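1. coords please:
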Amino acid sequence: MVELEPHAQAAPSAWTPAQTRAQFAAIVWLRWRITVNSLARRGGAGELAGRAVTAMVFLGLLFFLVVAAGVAGFFFAAKGHLDRIAWLLWGVFLLCQLLNIQLGQPGVNFDPTQLIRFPMRRSIYVEIRLFFGMLTPANLAGTLMAAAAALGIAIATPSLWLYALIALGAFAATQVLFSRMLFAWVDRWLATRRAREALTAVMLASLVGVQWANFTFNPAYNRHRAGAFHLSQQHLAWASHLIRISGPALKFLPPELAASALTAASHGSSLRFALDTLGDLAYAALFLLIFALRMLREFHGENLSEAAAGARPGRADPATLHASAAAPARRAALADSKPADWPSTPLTPSGATAATHRRVLDLVVTGLQKEILYARRNLGVLSALIMPPLMILIFANRFSSAGKSPIWLFPASVAYILLAVCPLGYNSFGMDGTGVQVYFLAPVRLRDVVLSKNLLIALLAVIEVILIFCLISLQAGVPSPNIVLETLLWAAGTLAVNLIFGNQRSLSAPKQIDPQRMLQRQSSQLSALISLAVLAGCYGLASLIFMACLWLHALWALAPASACFAAAGVGAYELHLRSVDQSALQHREALMEELCRTG
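-> The predicted structure is shown next:
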């Protein structure tokens, strides 16, 4: 890549295509070798298995979507409604962006901005950065769906096969370039904490607005409620007028242009087809230009890190200054205690002095405060905490409209909450970054650090459960006390079991989380699968207990059985905390290697 071959002659006067191909080949080889070497590490086989399972699930979903797109294209073409291809293309476009947000990019093995250290032309850097993230699962799905739609149109009307290939090929290129352009600039906008918080507020407001509109205008949620809002002829006329107004503006967007081009081709208007297709390609060129501008700023050394921003005069964070000022005193207080003075058990120490108890409590509380700050800056955590209550509000509202509150509503809601909260504990050290080294240098025990991280997960779960209890009580009636007690006990046991597995995966398979990156998974693929498997096991156990009590006509036994499960889970968690320090020492190399890398 750097053209330092031992037998190289004098450097050529102009850059050659062979050198460009060599640079692309070097990057491909580098990514391949990093991937292979990462699988050769401890736990690499499990990570490969997790990726294989995830890939099979995604391929199954992709097959269904591609077949559906092909069938839709065939149906519209066979019925002579090529203008309705726009409906399909809008769905493909929106689905592609949604998948980009949900699935993220493939695992990034190194920071691509490090490529500017090498002798590389600006245009080559833009091309490399363009293709570096081109093959995301979302872009692959959108391209294949567009190709399937073109195939369906060609089968229905063979005379349009070339037109369909060209028009939908231009649309596929446009949506891929739009995704690359959009999320490259989103990462730029998320470079500061204030921008991330503002984006989170906008996202939450949008979600609340959508749900409010759904509750207000959807007749399915309002037909059984007295005084509920009902759509009138005036409202329908207003909605139709709004659609007619927005229609002309939508005709100039890529999905509509592609459908218009196909319609023109079916009518024999080659000129109109060419103009609409060129309009699609003009959008693609515009998106590529905006993406290139962002990449050129990276090429010239733009530093978006908050550390660089905070280093400017007058930009110091007051919280950071306070922590820095208090750090010497805290270290001195911790240094005064001898290792023998520390508690012998993680939760209920015996034989320890009151001063030691206060030190441990201060350490845990300080760690909890730090974790709360991390959670506030993590968009993935905030989204996972906000969405479940909104979805539960939909179901609670629906059942309240039907005038009934089923026995399973509160347990199912708590199970759904745990599905969002528990996976957060499978990468507890992801936000620590290089600061993880301090845990092994400071006079603290890793069990106390892990306990602080687990307390945050438990606190989030408690807040979510209280919130959904209030929502269900207001919308569908107060659940039965026996059901509430049984559900809470089962939730405590489930949370404890998940924290055990989560702590182990956090130490053995950590994943660095960059809050400035939007398209990023919160944990490794294997950890995500393990969390789903553990939750599925807990759900299955609860179902078996419920069915057994129902079969024996002994629903009163639900609470004692759940209490036994909770006691077993909490007891196993306490035993697990005893071994956290030893486990952390065994996996410290994996922690350092993943969390301390900067490129």
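2. can we go C-alpha only for contacts and neighbour counts from here?
-> Will do.
3. quick one: low-confidence ranges for the stretch 151-300 of the chain?
-> In the predicted model of the stretch 151-300 of the chain, residues 187, 190-193, 195-197, 199-201, 203-247 satisfy pLDDT under 70.
4. residue ranges of the strands in the protein, please?
-> Under the criterion DSSP state E, the chain contains no strands.
5. how's it carved up into domains?
-> The record's domain parsing of the chain by automatic domain parsing lists 57-193+241-305, 378-595.
6. any chance of those domains in CSV, plus mean neighbour count and distance to Ala26?
-> Formatted as CSV, these follow (neighbours: other CA atoms under 10 Å; distance: least, CA to CA, whole Å):
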stretch, mean neighbour count, distance to Ala26
domain 57-193+241-305, 18, 11
domain 378-595, 19, 23
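7. and of these, who's closest to Ala25?
-> Nearest to Ala25 among the domains of the chain is domain 57-193+241-305 (10.8 Å), distances taken as CA to CA.
8. returning to that earlier point: out of the domains of the chain, which is closest to Trp29?
-> domain 57-193+241-305 (12.0 Å).
9. let me see the backbone angles for Arg445.
-> The phi/psi pair for Arg445 (degrees, to the nearest 10) reads phi -100, psi 140.
10. before we move on, back to that, could I get the domains of the chain as TSV with distance to Trp29?
-> Shown next, in TSV, are the domains of the chain (distance: least, CA to CA, whole Å):
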stretch	distance to Trp29
domain 57-193+241-305	12
domain 378-595	21
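11. so which of these is nearest Gln23?
-> Closest to Gln23 of those, according to CA to CA: domain 57-193+241-305, at 8.7 Å.
12. mind listing what Leu165 touches?
-> Ala147, Ala150, Leu151 (CA atoms under 8 Å, 6 or more residues apart in numbering).
13. just those now: which is nearest Arg445?
-> Nearest to Arg445 among the contacts of Leu165: Ala147, at 56.5 Å, using CA to CA.
14. what pLDDT does the closest one get?
-> Note on Ala147: pLDDT of 92.
15. before we move on, back to that, among the contacts of Leu165, name the ones in helices.
-> Using DSSP state H, the members of the contacts of Leu165 that fall in helices are Ala147, Ala150, Leu151.
16. OK, contacts around the first one?
-> Looking back up the chat, that one is Ala147. Contacts for Ala147 (CA under 8 Å, 6+ apart) come out as Leu165, Leu168, Gly169.
17. just give me the closest of the ones in helices among the contacts of Leu165 to Ala561.
-> If you rank the ones in helices among the contacts of Leu165 by distance to Ala561 using CA to CA, Ala147 comes first, at 54.4 Å.
18. separation between that closest one and Leu253?
-> Ala147 sits 19 Å away from Leu253, going by CA to CA, to the nearest Å.
19. now the contacts of Leu165 in a markdown table, with distance to Ile466?
-> Compiled in a markdown table, the contacts of Leu165 are given as follows (distance: CA to CA, whole Å):
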| residue | distance to Ile466 |
| --- | --- |
| Ala147 | 48 |
| Ala150 | 51 |
| Leu151 | 52 |
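20. which one among those residues gets closest to Ser452?
-> For the contacts of Leu165, the nearest to Ser452 is Ala147 (50.5 Å; CA to CA).
21. one step back: quick check, nearest of the contacts of Ala147 to Ile34?
-> Using CA to CA, Gly169 is the member of the contacts of Ala147 that lies nearest Ile34, at 32.9 Å.
22. isn't the closest one up against Met145?
-> No - between Gly169 and Met145 there is no contact under CA atoms under 8 Å: 10.7 Å.
23. pretty sure Leu460 contacts Val421?
-> Yes - Leu460 is within contact range of Val421, at 7.3 Å (criterion: CA under 8 Å).
24. between the two, which contacts overlap?
-> Residues touching both Leu460 and Val421 (CA under 8 Å, 6+ apart) are Leu385.
25. what's the pLDDT at the closest residue to Ser508 other than its chain neighbours?
-> Excluding the flanking residues, the one nearest Ser508 by CA to CA, 6 or more residues apart in numbering is His587, at 5.7 Å. As summarised for this prediction, His587 has a pLDDT of 81.
26. what values do phi and psi take at His587?
-> Torsion angles at His587 (phi, psi; degrees, to the nearest 10) stand at phi -110, psi 20.
27. how close does it sit to Arg505?
-> According to CA to CA, His587 and Arg505 sit 10 Å apart.
28. so what does the longest helix seen in the chain touch, helix or strand wise?
-> Across the chain, the longest stretch assigned as helix under DSSP H is helix 44-78. Packed against helix 44-78, as judged by 3 or more CA pairs under 8 Å, 6 or more residues apart in numbering; DSSP states H and E, are the following elements: helix 17-39, helix 85-103, helix 137-156, helix 525-551.
29. mind doing that once more with 7 Å?
-> Counting contacts by 3 or more CA pairs under 7 Å, 6 or more residues apart in numbering; DSSP states H and E, helix 44-78 is packed against helix 17-39, helix 137-156, helix 525-551.
30. for the last one, give the mean pLDDT please.
-> To tie it back to what came earlier, the one meant is helix 525-551. Here the average pLDDT along helix 525-551 is 86.
31. do stretch 66-83 as well
-> 89.
32. what are the contacting residues of that stretch?
-> 84-85, 144-145, 148-153, 155-157, 259-260, 262-263 (CA atoms under 7 Å, 6 or more residues apart in numbering).
33. ok, stretch 170-188 next?
-> With CA under 7 Å, 6+ apart as the test, stretch 170-188 has contacts from 93, 97, 139, 142-143, 146, 254-255, 258, 277, 280-281, 283-284, 287-288, 290-291, 294, 516-518.
34. do that again at 8 Å, thanks
-> Defining contact as CA under 8 Å, 6+ apart, one finds that stretch 170-188 is touched by 93, 96-97, 100, 130, 133-134, 139, 142-143, 146, 254-255, 258, 277, 280-281, 283-284, 287-288, 290-291, 294, 304, 516-519.
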